[in-house]
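Visitor: Model the following, please.
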Amino acid sequence: QVQLQESGPGLVKPSQALSLTCTVSGGSITTNGYYWSWIRQPPGKGLEWIGYIAYSGSTYYSPSLKSRTSISRDTSKNQFTLHVKSVTPEDTAVYYCARGPPKTSVQAMSEYDYWGQGTQVTVSS
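Guide: Residues are numbered from 1 along each chain as shown. This next block holds a predicted model:
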């Protein structure tokens, strides 16, 4: 059984950087064919795909967030981390990590087979 667990700060000040880590157990993030995504849901809004890091280490990001986001990984810890620069209150959301195919639409997220429970991030001074 694959399990994902997000961790990181719950409160970040505007203009600061945000880092969230997803720890994976029950499966390796380097297993061929799997893609590890970050998704968020702002209050009162739908899911928004942020980006993924593939089993190979390659990354792909939402065009709307690409300039401020990056995803890295630590294979020794079986973790991958989302980095967001210069956060604003509009980055307030519940952030999820998930495993799925290399598909980024909201509809395709139904094909993601494992999700973390989500972690609330609030951007406020």
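
Visitor: Quick check: the gap between the residue nearest the centre of the chain and I50.
Guide: Against the mean C-alpha coordinate of the chain, by C-alpha atoms, centre = their mean, the closest residue is W38 at 2.0 Å. With distances taken as C-beta to C-beta, to the nearest Å, W38 is found 4 Å from I50. Quick note: C-beta positions are derived from backbone N, CA and C, even for glycine.

Visitor: try T23
Guide: From T23 to I50 the distance is 18 Å (C-beta to C-beta).

Visitor: Compare the two (neighbour count), which wins?
Guide: Between T23 and I50, counted using other C-beta atoms under 10 Å, the more crowded position is I50 (24 against 18).

Visitor: how about the more buried one, what does it touch?
Guide: Taking C-beta atoms under 8 Å, 6 or more residues apart in numbering, we find I50 in contact with S37, W38, I39, R40, Y61, S62, L65, T69, L82.

Visitor: Just the buried ones among those, please.
Guide: S37, W38, I39, R40, Y61, L65, T69, L82 (16 or more other C-beta atoms under 10 Å).

Visitor: burial measure for the closest residue to the first one other than its chain neighbours, as a count.
Guide: What that stands for is S37. Setting aside the residues directly before and after it, S37 is nearest to Y52 in space (C-beta to C-beta, 6 or more residues apart in numbering), at 4.2 Å. Other residues lying near Y52 total 26 when counted by other C-beta under 10 Å.

Visitor: number of nearby residues for Q120?
Guide: Using other C-beta under 10 Å, Q120 has 13 neighbouring residues.

Visitor: Looking at it now. What's its pLDDT?
Guide: In this model, Q120 is scored at 98, pLDDT.

Visitor: nearest spatial neighbour of it, skipping sequence neighbours?
Guide: V94 (5.4 Å).

Visitor: follow-up on the earlier one: which neighbours do W38 and I50 share?
Guide: The contact lists of W38 and I50 share L82, where a contact means C-beta under 8 Å, 6+ apart.
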